[in-house]
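Chemist: Test case, fold it:
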Amino acid sequence: MRADKLTKLVAVFDQFHEGLAMLGDARAKQLVANWADIRERYVRPEGTPRSALAAGMEQGLRETPMLLASMGSSVRKLAADSLTAAIAAHYPEFLAKDAERLKEVKSRGFIRGENDYYLVRHHIDTLEGEAGRKDELRKCYEMVDRFEAKHT
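Modeler: Numbers count the residues shown, from 1 in each chain. Alright, predicted model coming up:
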């Protein structure tokens with residue numbers, strides 16, 4: 001039997017927070033504690049439709065890279081990799097949608113709004129330190145810099 005979206009998302013967040021717990025970063029520890037506090041509401045929902053919880057969790061998943069921004073760059077890269085691995089393991093269709101969105105942003109060459117911004121920012125976090133990706137990384141930095149210059 002195929003897992004529903006809520007079950008997939010809980011599995012993503014479980015694996016992601018297990019990875020964060022190993023980082024030894026104060027922000028990561030805070031995120032792990034927050035997940036531990038709210039996890040039960042998603043595993044055993046009372047009165048709230050599963051579809052509504054799944055929609056909220058999916059939005060939270062989209063916003064998770066923003067939470068990682070307060071970490072140091074070396075820890076942020078590990079956290080971003082942990083997030084990507086968790087999504088790939090439990091909710092790969094989410095990655096496929098984001099990959100398509102990222103492809104569109106990169107082909108247009110500019111960021112339209114906050115959702116695009118965080119998508120590209122997260123992509124930068126996953127690219128940093130990877131050999132052979134300097135041109136792609138440079139282009140992503142340029143898009144982020146242009147967006148930030150207009151919106152700060």
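
Chemist: use CA for all of it now, contacts and neighbours both
Modeler: Fine.

Chemist: Could you give me the buried positions within stretch 20-29?
Modeler: 20-21, 27-29 (16 or more other CA atoms under 10 Å).

Chemist: Redo the residues you listed as CSV? Include pLDDT.
Modeler: Shown next, in CSV, are those (pLDDT from 0 to 100):
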residue, pLDDT
20, 96
21, 96
27, 91
28, 93
29, 94
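
Chemist: Which single one of those residues is nearest to residue 100?
Modeler: residue 20 (26.7 Å; CA to CA).

Chemist: was I right about the closest one contacting residue 82?
Modeler: Yes - Residue 20 sits in contact with residue 82 when judged by CA atoms under 8 Å, with a separation of 7.4 Å.

Chemist: returning to what we had before: which one of the buried residues of stretch 20-29 is nearest to residue 9?
Modeler: Nearest to residue 9 among those, with distances taken as CA to CA, is residue 20, at 16.2 Å.

Chemist: picking up where we left off before, which of the buried residues of stretch 20-29 fall within helices?
Modeler: Assigned to helices by DSSP state H, the following of the buried residues of stretch 20-29 qualify: 20-21, 27-29.

Chemist: Quick check: the farthest pair among those residues?
Modeler: Farthest pair in those, by CA to CA: 21 and 27, 10.1 Å.

Chemist: burial measure for residue 32, as a count.
Modeler: 19 (other CA atoms under 10 Å).

Chemist: go on, residue 18?
Modeler: Using other CA under 10 Å, residue 18 has 14 neighbouring residues.

Chemist: Please identify the helix or strand for it.
Modeler: helix 5-21 (DSSP states H and E).

Chemist: What's the mean pLDDT across the helix or strand that contains residue 56?
Modeler: If you go by DSSP H and E, residue 56 is part of helix 50-68. Mean pLDDT, helix 50-68: 89.

Chemist: Helices of this protein, start to end?
Modeler: Going by DSSP H, the chain shows helices at 5-21, 26-43, 50-68, 73-90, 92-108, 114-127, 134-151.

Chemist: Could you check how far stretch 27-44 is from the centre of its chain?
Modeler: 16 Å (CA atoms, centre = their mean, to the nearest Å).
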